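K.L.:
Sequence first, predicted coordinates after that:
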Number of protein chains: 2
Amino acid sequence: MKNEQILLKSRPNGTPTEENFEFKEVNVPDLKEGETLVKTLYISVDPYMRGRMSTAKSYVEPFEVNEVISGGVVGEVIESKSDKLKNGDKVTGMLGWQRYNAVDSSKVRKVNENLAPLSAYLGVLGTTGLTAYFGLLDIGQPKEGETVVISGAAGAVGMIVGQIAKLKGARVIGIAGSDKKTAYLEKELGFDATINYKTTENLFKSIKQACPEGVDVYFDNVGGAVSDAVTSLLNDYARVPVCGAISSYNITSLREDMGPRIQPKLIKTRALMKGFIVSDYAPHFKEAAQDLGKWLSEGKLKYEETIVEGFKNVPQAFIGLFKGENLGKQMVKVTHEE
Amino acid sequence: MKNEQILLKSRPNGTPTEENFEFKEVNVPDLKEGETLVKTLYISVDPYMRGRMSTAKSYVEPFEVNEVISGGVVGEVIESKSDKLKNGDKVTGMLGWQRYNAVDSSKVRKVNENLAPLSAYLGVLGTTGLTAYFGLLDIGQPKEGETVVISGAAGAVGMIVGQIAKLKGARVIGIAGSDKKTAYLEKELGFDATINYKTTENLFKSIKQACPEGVDVYFDNVGGAVSDAVTSLLNDYARVPVCGAISSYNITSLREDMGPRIQPKLIKTRALMKGFIVSDYAPHFKEAAQDLGKWLSEGKLKYEETIVEGFKNVPQAFIGLFKGENLGKQMVKVTHEE
């Protein structure tokens, strides 16, 4: 049987382009004992993957040139040499960007499509939801009545952060890059105020106006000038979970990511900033997934997906992340009749 | 009886000068019930006081123009209308920069000059020692074998931080601004390596060479380019207690304190940065003071003082802090025969 793969052809210099990716046709390998063959149904594309395309040291190993890129995937078992999984089972895991993955059954997790649509396991019930949950609740620790500001608020993580913060009784302000996004955050998700950072005349003033009592928690998905403005408004003992810095992922020189140094503000406010990665919280995934599932089933947590169809569109969907094209979780639905 | 005071004449623009201060002669006021009259023996001058000379929001109220400046003072009770203190008692507290302070006895703390010289109560056994203790042990949490880097290492706080880190089994690297200082840190205090940031050709390379296994704890007293270099070498899960940013205290515009943004590094390493102020730890002062006193009596903690004599020299001693003139704790000994 034929398989189709997406390889990293070359490391991006700045923003990735389609030329950094290569499609390759190979044969599906024979299964070893304990392995199953998973047909890809959904592929997740995430900003953090840009980091793995560079050689710079990071929390995950870089992708190798001429090798298959890997990330979050949901698929269906179509052949199994494991007694833990059988044909028809739906599973998720960190798998290759390819139509078929032959993997040890311990590398994937079975999901229940009666509880939520399969795509949700790449988003609100997957890494995205867990990232929002732990960053906000473990580092941010919002208290009732506090002000929580979220950048990249209409992204997959941001919109879940905002809803959890609302559940905890905080006042929630979202920063996003289009009026469509800010309208969605206010009308559909109940954010208390929003700012379109692309059209506002004065970012600092807009945030200050939206946060008359300052900022207690800043959930940072973007870094850059947006974060400079928000952090200048931190209150005493503020907490800043640093989740992403999408504004800096495609720079080619450190000199492009300069801003006012944060130290004087941290001293004045005794604020805390901390980077994190969701896998650090693996021992607590189960309880978090239970909370997220419960909120979802109670209708307290909404989510949004931007789903592109077609395996050939995976690179373009990934590149689109850096143009801010997605509302909520960006993924690709893979059909196999194409 | 005549009293002499030092007032803030005008707010400094950039580095303070003698013209920002004014000496004034007044009468010592009559004591009210519960008050004592304290004759000043030692006045502490500290970098953080620069912040109080500006109007910018900070963790302490700004000094008012035309009012007496206040800070750490050790003195002797020479008159008392309190049953808690009697003539001859030595006390310390946050008092005015003046020869005599009439204060409620609850505002000062009695000190024991048999345990340590009086000046030590402004340093290793006072705010300085407590700042080092809590910043390093509560936020930095150095573990045996880890690498601890300290900027402003030959300052009052820095040299205590380094010695406590050594007591905890860490490898300690100090950054300071003269060969005299770095020699003192290595020879007298047992620092494992030091860097003179003023004479090194390449700060980043020097730090990297001194920290072949990266940086686990960075105790930051200075901010600026020194901190840019150290934070670029943070290890996974590093901790950065942000204690001071002396390099930025005298800037007149935010544009003068620009550097590479820290967020991408925090994400990659999941590092933590936190500002703090010693008064946040007030409930735990007693146990910390016991530890510091014990280490001092066991000879495990050395300290250094730079003592200028003469009340008239207080402004100059303060200004000297920003030229890096002091080794260890800078203070002024006030004599009353002058």
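P.N.:
Structure's in. What do you need?
K.L.:
ok so A:Ser227 is a helix residue?
P.N.:
Yes: according to DSSP: H, G, I helix; E, B strand; the rest coil, the state of A:Ser227 is that of a helix.
K.L.:
Confirm for me that it is in contact with A:Ser151.
P.N.:
Yes: counting by CB atoms under 8 Å, A:Ser227 does reach A:Ser151; the two are 6.5 Å apart. For glycine as for every other residue, the C-beta is placed from the backbone atoms N, C-alpha and C.
K.L.:
Who has more neighbours out of these two?
P.N.:
Counting neighbours by other CB atoms under 10 Å in any protein chain shown for A:Ser227 and for A:Ser151 shows that A:Ser151 has the greater number, 30 against 27.
K.L.:
beta partners of that one?
P.N.:
A:Ile175 (DSSP bridges).
K.L.:
need the contact list for it.
P.N.:
For A:Ser151, the residues meeting the contact criterion (CB atoms under 8 Å, 6 or more residues apart in numbering or on different chains) are A:158, A:175, A:197, A:218-222, A:226-227, A:230.
K.L.:
just these now: which is nearest A:Val68?
P.N.:
A:Asn221 (27.4 Å; CB to CB).
K.L.:
Tell me how far the closest one lies from A:Gln290.
P.N.:
Distance, A:Asn221 to A:Gln290, by CB to CB, to the nearest Å: 25 Å.
K.L.:
So which of those two has more stuff around it?
P.N.:
A:Asn221 (27 against 10).
K.L.:
Surely that one touches A:Ser247?
P.N.:
No: checked against CB under 8 Å, the pair A:Asn221 and A:Ser247 is beyond contact range at 9.4 Å.
K.L.:
Check the offset of the helix or strand where A:Ala288 lies from the chain's centre.
P.N.:
Using DSSP states H and E, A:Ala288 sits within helix A:285-297. Relative to the mean C-alpha coordinate of its chain, helix A:285-297 is positioned 17 Å out (CA atoms, centre = their mean, to the nearest Å).
K.L.:
Residues contacting that helix, please?
P.N.:
A:115-116, A:120, A:124-125, A:129-130, A:133-134, A:163-164, A:167, A:281, A:301, A:303.
K.L.:
again, only this time at 6 Å
P.N.:
Residues outside helix A:285-297 that contact it (CB atoms under 6 Å, 6 or more residues apart in numbering or on different chains): A:129-130, A:133, A:301.
K.L.:
filter these to the buried ones?
P.N.:
Buried members of those, counted by 16 or more other CB atoms under 10 Å in any protein chain shown: A:129-130, A:133, A:301.
K.L.:
Any chance you could give me the helix or strand of chain A with the lowest mean pLDDT in CSV, C-alpha atoms only?
P.N.:
Least confident element among the helices and strands of chain A, by mean pLDDT, DSSP states H and E: helix A:49-52 (a mean of 89). Output of helix A:49-52 as CSV, limited to C-alpha atoms (Å, rounded to 0.1, in the frame of the first residue of the first chain):
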residue,chain,number,x,y,z
MET,A,49,6.4,23.4,15.6
ARG,A,50,8.2,26.4,14.0
GLY,A,51,10.8,26.1,16.8
ARG,A,52,11.5,22.5,15.9
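K.L.:
Now for A:Ser227 and A:Ser151: what residues contact both?
P.N.:
Between them, A:Ser227 and A:Ser151 share these contacting residues under CB under 6 Å, 6+ apart: A:Asp220.
K.L.:
How many residues are close by the residue nearest to A:Gly174 when sequence neighbours are not counted?
P.N.:
Closest residue in space to A:Gly174, ignoring its immediate chain neighbours: A:Ala153 at 3.0 Å, by CB to CB, 6 or more residues apart in numbering or on different chains. By the criterion of other CB under 10 Å, A:Ala153 has 29 neighbours.
K.L.:
follow-up on the earlier one: redo the contacts of helix A:285-297 as CSV? Include pLDDT.
P.N.:
Shown next, in CSV, are the contacts of helix A:285-297 (pLDDT from 0 to 100):
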residue, pLDDT
A:Gly129, 95
A:Leu130, 94
A:Tyr133, 98
A:Leu301, 95
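K.L.:
Check what pLDDT A:Leu118 gets.
P.N.:
As summarised for this prediction, A:Leu118 has a pLDDT of 95.
K.L.:
My read is that it contacts A:Val74, right?
P.N.:
Yes: contact criterion CB atoms under 6 Å: A:Leu118 and A:Val74 qualify, at 5.0 Å.
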